[in-house]
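**Student:** below are the sequence and a predicted model; questions follow.
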Amino acid sequence: MTALPSSLLLDWKRIFKWGSICAAALLFVSLVGMPIKLDPKSIISPLLSLGYVSLLWLPLIFGYVASSRVVLEGVETRKPGLPDLLTGVLTGTIGGAGLTLLMLGIENFDIRDPLINWSPQLLEVLAFGARDLNSAVWIGIGGALGLVGAGLHLIPENLRRGASYGFFTVLALAIFEPALDDMSEGFRLEWLVELIFEKRGGLKLWPAIILALLIGLISVVTKGKAKNAVAQYREQEKSQKKKTSVVLFGIVAALGIVLPIFMGTYVNSLLANVGIFLLLALGLNIVVGLAGILDLGYVAFFAVGAYTTAVLTSELSPFFAPGMTWVLSLVFVIILAALTGLFIGAPVIRMRGDYLAIVTLGFGEIIRLLFLSDFLKPYFGGAQGILGVPGIDLGVVYISGTDTRGIFYLVLFFCAIAVYVSWRLQASRLGRSWMAIREDEQVAEAMGINTVNSKLMAFVVGAVLASFAGAIMAARVGSVFPNSFMILISIVILVVVIVGGMGSIPGVFVGAFVLIGVLGGPKQPGLLQEFGSLKLLVYGMLLVYMMLQKPEGLVPSARRTQELHQEEFLQDAWLKGTDDEDEEQTAAGEEAQI
Amino acid sequence: MRKGEKVAATVEGKSKRRTPLVDRFLFVVKVLLIGLVTIGFLAFIAQQISPDNWFAKWRNPGATGLSGDQIKGLVISGLSQGVFYGLIALGYSMVYGVLGFINFAHGEVFMVSAYTGYIAANKFAANGMWESNFALCLLIVLLLSVMVSTVTAVLTERIAYRPLRNSPRLIPLITSIGVSFVLQNAVLGIFGPGTQGYPQLPEWLAKQRSILTFEISGIKILVFLVTIVSMTGLWYLVERTKTGKAMRAVAEDKEIASLMGINVNRIIVTTFAVGGAMAGVAGVMFGLLFRAVNPMTGFLPGIKAFTAAVVGGIGNLGGAMSGGLALGSAESIAPQLILEPLGVPGVTQLKDAVAFTVLVMVLLFKPSGLFGERLSQEDRA
């Protein structure tokens, strides 16, 4: 037997595994160009920029992961201690060594030909702007961050909570800086913004520290209160619950109506973008989230809405230009979108789920190609699209495409309709049949649900909601082009729905605000415009991460969670013993009542 | 009328009335599609007989007909395009056969290989070796690219798909969409946007040759040869080796295969590796033939290759290759053969639309593909 106490033995295999993954991740992030691209976005001026955050969080996280221990039920786990700290430090060190090697490589070899980021610029960022910095400094930084990561296991929970809340507050403030800047003018709070933010971007050092401490403290003090409030809300009687919901909804609606008056063009146009994608995502949520139909050609309905509006309202439409008002054209938009939904839905409705996904993707591409082709050019203008789509004349007010506030109100109105429709549908006969189909189509059919009609209805409802977004988009941009309707949009909307939580309306809101608001849509800039083309990479990674770790989304719907983790639930029930069976039955009964 | 008859009559009446609207609609769609194809084809024949024929002029007053050489050219370009779809389709088909999900990122594996080939070939060209010692360079480029694409395929399996082995079918599909996004944009971020060019081919390979009255460039002959060699290799692997037998067993039933002492995980990795290698061969050949790659290169060929796999019957390797050839020919010939006589202008732009229409038609008329699908019992459900 070894003389060493077992607590001092390190799991070297684990360290090397996580260390090399960390190094690979750091190299990948550097070579993809994140540090260079994100460096201009300052978080704490002049100490920290987003470019460095994109590097520094990796050793921290990997240190944390490498030093966390598997907790097995019923098996005594040893207390975290020195070996864990060492594990973290070593993991971070190996990761940092990767960057050191990269710096040495850039100094001595020139392979910029294929690798565009193998550049002096990257070297400068990695050397913190100093010309003659020893590249070994990254080994130290990696080790230190790994130590911090491992240390997170050791410190008391309250401290950990406070620290993370403080950090994320500062990060969020820095991300929201352009929006806060824009809003402060409306509220006459310029002095507050000047107090916190540097003129050239980023938080000032001392306000950042004070804010982080403050928020950290508040988070510790109010710990668990939010959860309690939610639990309280859930336990309320039905009538009481309804009342609270109405009050909450009223507050949100009032905020949505009043706030834009105080906000500038920047925030309003940002919100209008978010709103258009939110509308699309709410529609896709019905198709994918409720009915479980993976429609990858969802952008087709967006295109149909936009083109119908453009043809009917624009004087410059090449073939048929009735010059209708936007409101009147909306009637035709609804009819045509519903027909397209039926037309695309009918052939695919009986296919296997995965074939359906590819075929709808094909339809989405076909519709774009048709709009683009010479074949339909006399009708839809081909690649030049249709120009001169007028603004929206509501009789009382006229909303031009550049009036971002008006467009935002319009989007808000349609989002409200979409939320109302999805909320009412969810509990309706149709909604319940959708969920039954999603869970098991054959059983649903055996229970007497007309699966074909229900699925077609999902297509139609989703199509109509997407066409609203298209109609608004056409009026807002003032023109439509076939290349605004790439398959990419379908996939971005899918990511929004999945990150938020399939089948959950609040989830879709969170997804749209976080992804479209912060990162931006495929072509629309978000708060972090620095991401540029890298945002699609982030979207892809988020999609993979969510599917692997949290397929039910950030704000999951309860039923969907149960479906995805059915085995775990069954296992839990089995572990708890037989007396839980009654509970399950009552739960099932309650659901049936709902 | 006796009671029983009455009941029977009502039941019959009801069942008649119960033909769902969707089916009637689909029937109309099918008739329309077949009608269009037939009319287009007949008009083509009419214009081939004589362009002044009234039937040829009916939809397309400017009908000129195609010369024999034009048709041969279309067939050759269609087949050489189809070879790529076939090679990529093998990977889709094998993974679908074994794991039962569409590996959406497979087209990106193809793109990664084309990129590796471009980097290696350009490095050789910079040294002057590309001209002086072409065959050796090509071999190295091919081996390197196949290696990289194989590693990419295996890595995606390890990171993204293995943890999802037992989840509902759509979850790995959505994940693979994410993987495809990541690969595309990682390549875009690391190697920069924009289209990159392969170096010039040597004279003897680029020049046109005449084989059996078909005018065909040397590089296309090379593409066909390499495809035949790799298909033979694959056939040998799947049908004649123990690994191949194990692969077929895993595709049939994973549980029973593992009871028979087959290491299922290893077989699945092998499947991904072989699929990746085939896509790798296709990637380099694609680069040599079209001499241009960009990060989006893999997207459309990927989806069309899946179409090819479905056309040939998914899970069926011979079917995947023939499906690829069929799809390539269809999208090359059909615009000129069916759409042009119907008076559609700018038909070549509709190439991709034709490919997707072929997918829809196959799934409408014969969902199991032209040569029959080979799937395990659970995947067929």
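**Tutor:** Structure's in. What do you need? Residues are numbered from 1 along each chain as shown, chains lettered A, B, ... in the order given.
**Student:** what's the neighbour count on A:Leu126?
**Tutor:** 23 (other Cβ atoms under 10 Å in any protein chain shown). For glycine as for every other residue, the C-beta is placed from the backbone atoms N, C-alpha and C.
**Student:** no, scratch that, I was asking about A:Ile196
**Tutor:** 18.
**Student:** now A:Asp440
**Tutor:** If we define neighbours as other Cβ under 10 Å, then A:Asp440 has 13 of them.
**Student:** do you know how far it is from A:Lys550?
**Tutor:** 23 Å (Cβ to Cβ, to the nearest Å).
**Student:** kindly report the same for A:Arg476.
**Tutor:** When A:Arg476 is compared with A:Lys550 (using Cβ to Cβ), they lie 34 Å apart.
**Student:** what do you get for A:Ala136?
**Tutor:** 38 Å.
**Student:** which residues touch A:Asp39?
**Tutor:** Counting by Cβ atoms under 8 Å, 6 or more residues apart in numbering or on different chains, A:Asp39 touches A:49-52, A:125.
**Student:** same check, this time on B:Thr156
**Tutor:** B:103, B:105, B:109, B:176, B:179, B:183, B:272.
**Student:** separation between it and B:Ala105?
**Tutor:** The value you get for B:Thr156 to B:Ala105, if Cβ to Cβ is used, is 6 Å.
**Student:** residues in contact with both of the two, list them for me.
**Tutor:** With Cβ under 8 Å, 6+ apart, B:Thr156 and B:Ala105 have common neighbours B:176, B:179, B:183.
**Student:** thought the last one was touching B:Met111?
**Tutor:** Yes - using Cβ atoms under 8 Å, B:Leu183 makes contact with B:Met111 at a distance of 7.3 Å.
**Student:** the two: which is more packed in?
**Tutor:** B:Met111 (29 against 22).
**Student:** do you know how far A:Val267 is from A:Leu259?
**Tutor:** 9 Å.
**Student:** for these two, indicate the residue with more neighbours.
**Tutor:** A:Val267 (25 against 16).
**Student:** can you report phi and psi for the more buried one?
**Tutor:** Phi and psi for A:Val267, reported as degrees, to the nearest 10, are phi -70, psi -40.
**Student:** what of A:Asp440?
**Tutor:** Taking degrees, to the nearest 10 as the convention, A:Asp440 sits at phi -160, psi 110.
**Student:** in contact with B:Pro301, which residues?
**Tutor:** B:Pro301 makes contact with B:84-85, B:88, B:107, B:110, B:286, according to Cβ under 8 Å, 6+ apart.
**Student:** now swap in A:Met502 and tell me
**Tutor:** A:285, A:288-289, A:552-553, A:557, A:560.
**Student:** which one among the residues you listed gets closest to chain B?
**Tutor:** Ranked by distance to chain B (Cβ to the nearest Cβ), the contacts of A:Met502 are led by A:Val288 at 8.8 Å.
**Student:** identify the residue nearest A:Val53 in space, chain neighbours excluded?
**Tutor:** Take A:Val53 and drop its neighbours on the chain: the residue closest to it by Cβ to Cβ, 6 or more residues apart in numbering or on different chains is A:Ile43, 6.5 Å away.
**Student:** is the one you found in contact with A:Leu50, as I believe?
**Tutor:** Yes - using Cβ under 8 Å, A:Ile43 makes contact with A:Leu50 at a distance of 5.9 Å.
**Student:** quick check: neighbours shared by these two?
**Tutor:** A:Ala174.
**Student:** count the residues that sit near A:Ala24.
**Tutor:** 13.
**Student:** which residues touch it?
**Tutor:** With Cβ under 8 Å, 6+ apart, A:Ala24 has these contacts: A:Gly98.
**Student:** secondary structure element holding it?
**Tutor:** Per DSSP states H and E, A:Ala24 falls inside helix A:12-32.
**Student:** export that helix as CSV, just CAs?
**Tutor:** The C-alpha trace of helix A:12-32 is given here as CSV (Å, rounded to 0.1, in the frame of the first residue of the first chain):
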residue,chain,number,x,y,z
TRP,A,12,-3.6,12.5,-13.5
LYS,A,13,-5.6,11.1,-16.3
ARG,A,14,-8.4,13.4,-15.5
ILE,A,15,-6.1,16.4,-15.3
PHE,A,16,-4.6,15.7,-18.6
LYS,A,17,-7.9,15.0,-20.2
TRP,A,18,-9.5,18.3,-19.1
GLY,A,19,-6.3,20.2,-19.4
SER,A,20,-5.9,19.3,-23.1
ILE,A,21,-9.5,19.9,-23.8
CYS,A,22,-9.1,23.3,-22.2
ALA,A,23,-6.0,24.0,-24.3
ALA,A,24,-7.8,22.9,-27.5
ALA,A,25,-10.7,25.1,-26.6
LEU,A,26,-8.5,28.1,-26.0
LEU,A,27,-6.7,27.6,-29.3
PHE,A,28,-10.0,27.2,-31.1
VAL,A,29,-11.4,30.4,-29.6
SER,A,30,-8.2,32.3,-30.5
LEU,A,31,-7.9,31.0,-34.1
VAL,A,32,-11.6,31.6,-34.8
